[in-house]
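Asker: I would like the atomic coordinates for the input below:
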Amino acid sequence: MIIDCHSHAWDYWPYEPAVPDPENRGRAEMLLHEMDLVGVDKAVLVCARIDHNPGNNDYGAECVRRYPDRFVQFADVDCGWTDTYHTPGGAGRLAEAVEKYRLKGFTHYLRDDTDWFESREGLAFFEQAAELNQIASLALSPAWMPALRKLARRFPDTPFLCHHMASLKVGEPPPRPMLREVLESADVPNIHIKLSGFQYTSEVAWEYPYSDCMWIVRKLYEYYGADRLCWASNYPPVARASTYQHSLEAVRTHCSFIAKADMDLVLGGNMARLLAAAG
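Answerer: Numbering: from 1, shown residues only. Here you go, the predicted structure:
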């Protein structure tokens, strides 16, 4: 089974530049079409209540209702663009979302307030996540890594899944302190990394097959091992730089240093295991 662990679906196209068919271009059926073309069995819909899509959590739930064998929803809970971001009551809002949407995981996009994990509200939020057996899908920069290590050690049974290679950049100058922070986090066994967002990591967004990124993927594979890396497409934003199939082949074909048995884990086995244990 191949599982795309990070994709999006939209009622209305939220990105710039605009598209001629904004009410159709980002819908779940477009994603299903791309998945079917390349044999992807299931996708995690990472919800985001961004421009034109204040109801994206509800739309994600509707997609799961219509296609229960193909989609899993990670709801947007207090992400950085919301009015409730890191305001009191986050734990309660998380519990409400889990109950309403029957979640196995949630997504939380962070700003730069790296002390929040240690705050009373932050600890209560993740205590609730642990109690409800949730996967925490986090969009964060490497600057969050010291705080994330402490948090993950505090909640060892909660999987923490970092978006898009934890926002590493090929162009970071030596001695590459941000890379060192991400690699140090491999010492914490419940921190996982999404192999996605090559166009963000590369110095040239459209340069498929992203050969300049492969040394970073190799480092992540070396430090985290195969069982804590999960492939993702980042569809539809990936379409600005490459096709859906390219997002898959960047890992499946061009990460030739990943052993075949390990590749099966990266492309779906790991995410299937995390999903089976969650919720």
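
Asker: residues in contact with the residue nearest the centre of the chain?
Answerer: Nearest to the mean C-alpha position of the chain, by CA atoms, centre = their mean, lies residue 163 at 3.9 Å. Going by CB atoms under 8 Å, 6 or more residues apart in numbering, residue 163 touches 6, 137, 138, 139, 140, 194, 196, 197. All C-beta atoms are positioned from the backbone trio N, CA, C, and that covers glycine.

Asker: can you pull the buried residues of stretch 29-41?
Answerer: 30, 31, 32, 34, 35, 38, 40 (16 or more other CB atoms under 10 Å).

Asker: Helix, strand, or coil at the third one?
Answerer: If I follow you right, that is residue 32. helix (DSSP: H, G, I helix; E, B strand; the rest coil).

Asker: if I read this right, it contacts residue 67, doesn't it?
Answerer: Yes: here residue 32 reaches residue 67: they are 6.8 Å apart, a contact under CB atoms under 8 Å.

Asker: for the chain, what spans make up the helices?
Answerer: 28-38, 56-66, 90-101, 120-131, 145-154, 177-184, 198-201, 214-224, 244-252, 260-264, 270-277 (DSSP state H).

Asker: Relative to residue 171, which of those helices is closest?
Answerer: Judged by CB to CB, the one of these that comes nearest to residue 171 is helix 198-201, at 9.2 Å.

Asker: Need the CA coordinates for that closest one. CSV is fine.
Answerer: Below are the C-alpha coordinates for helix 198-201, written out as CSV (Å, rounded to 0.1, in the frame of the first residue of the first chain):
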residue,chain,number,x,y,z
PHE,A,198,11.4,19.1,-2.3
GLN,A,199,10.6,22.3,-4.1
TYR,A,200,10.9,24.1,-0.7
THR,A,201,14.2,22.4,0.2
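
Asker: Can you tell me which helices and strands it packs against?
Answerer: Helix 198-201 sits against no helix or strand, with contacts defined as 3 or more CB pairs under 8 Å, 6 or more residues apart in numbering; DSSP states H and E.

Asker: can you list contacts of it?
Answerer: Under the criterion CB under 8 Å, 6+ apart, residues 164-165, 167-170, 205-206, 208, 210, 213, 216, 238, 240-242, 247, 250 lie in contact with helix 198-201.

Asker: Run through who's touching stretch 121-136.
Answerer: Contacts of stretch 121-136 (CB under 8 Å, 6+ apart): 74, 78, 86-88, 90-92, 94-95, 98, 103-106, 108, 116-117, 151, 154-155, 157-161, 274-275, 277-279.

Asker: Just the buried positions in stretch 73-89, please.
Answerer: For stretch 73-89, the neighbour count (16+ other CB under 10 Å) marks 73, 74, 75, 76, 77, 78, 79, 80, 82, 85, 86 as buried.

Asker: whoops, stretch 195-208 was the one
Answerer: Applying 16+ other CB under 10 Å to stretch 195-208 flags 195, 196, 197, 198, 199, 200, 201, 202, 208 as buried.

Asker: next one: stretch 219-231
Answerer: 219, 220, 221, 224, 226, 228, 229, 230, 231.

Asker: One more: stretch 135-145?
Answerer: For stretch 135-145, the buried set under the neighbour-count rule, 16+ other CB under 10 Å, comprises 135, 136, 137, 138, 139, 140, 141, 142, 144, 145.
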